[in-house]
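> this one's sequence-less:
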């Protein structure tokens, strides 16, 4: 059965990084009884601040999607596994959690949004919605949909839901067990409204 949950910034769980160099705000994890600390999850959505250069945590058998959400970006090094890459704000970047990865700040601290996916079990894509005061109706695929408000205010309604959710910065809507052909209707309520939409197929 489909379930739609409204999450506020106070619902996020603060979790230390695996390498103990920082703290992540865990926004969602699946399945419900999964644990990040025991690595029993199929996927996880989180956000964090990065305020110094250094190595990323290692996640064997996981894929990662990273989006810089504020600041001037990062330069990532993956050793011999992949070319050096510059990440700019609002440009989703996918890479393997198996790769040794180090980050260099371009110019000061940044904020980022992370999706971790167990390889062969879950897959996802991340879409940036720079709405301002515009409206977007985005198609959803079977599985989960997770909408997170970065800046500004918005409303969001899933197909067949009676009333839209009102979203403040840091709020999210998590739709579980959505069906192919359903949509999410998002209306930006302020000039600076930016959201991230994650579609997950498991």
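Thanks, I have it. In this text the structure is predicted, and so the values were computed from the model without any measurement.

> which residues does the residue nearest to residue 128 when sequence neighbours are not counted contact?
Sequence neighbours aside, residue 90 is the residue nearest to residue 128 in space, at 4.7 Å (criterion: Cβ to Cβ, 6 or more residues apart in numbering). No exception for glycine: its C-beta is placed from N, CA and C like everyone else's. Going by Cβ atoms under 8 Å, 6 or more residues apart in numbering, residue 90 touches 67, 68, 69, 128, 130, 194.

> mind checking which helix or strand the residue lying closest to residue 53 once chain neighbours are set aside is in?
Leaving aside its sequence neighbours, residue 53 sits nearest to residue 104 (Cβ to Cβ, 6+ apart; 4.9 Å). In the assignment (DSSP states H and E), residue 104 maps to strand 102-105.

> re the thing from before, quick one: buried ones out of the contacts of residue 90?
Among the contacts of residue 90, those that count as buried by neighbour count (16 or more other Cβ atoms under 10 Å) are 67, 68, 69, 128, 194.

> Identify those among those residues that sit within strands.
In strands, judged by DSSP state E, the following of those are found: 67, 68, 69, 128, 194.

> State the pair within those that is farthest apart.
Greatest spatial distance in those: 68 and 194, 12.3 Å, computed using Cβ to Cβ.

> Return the member of the contacts of residue 90 nearest to residue 16.
residue 69 (20.4 Å).
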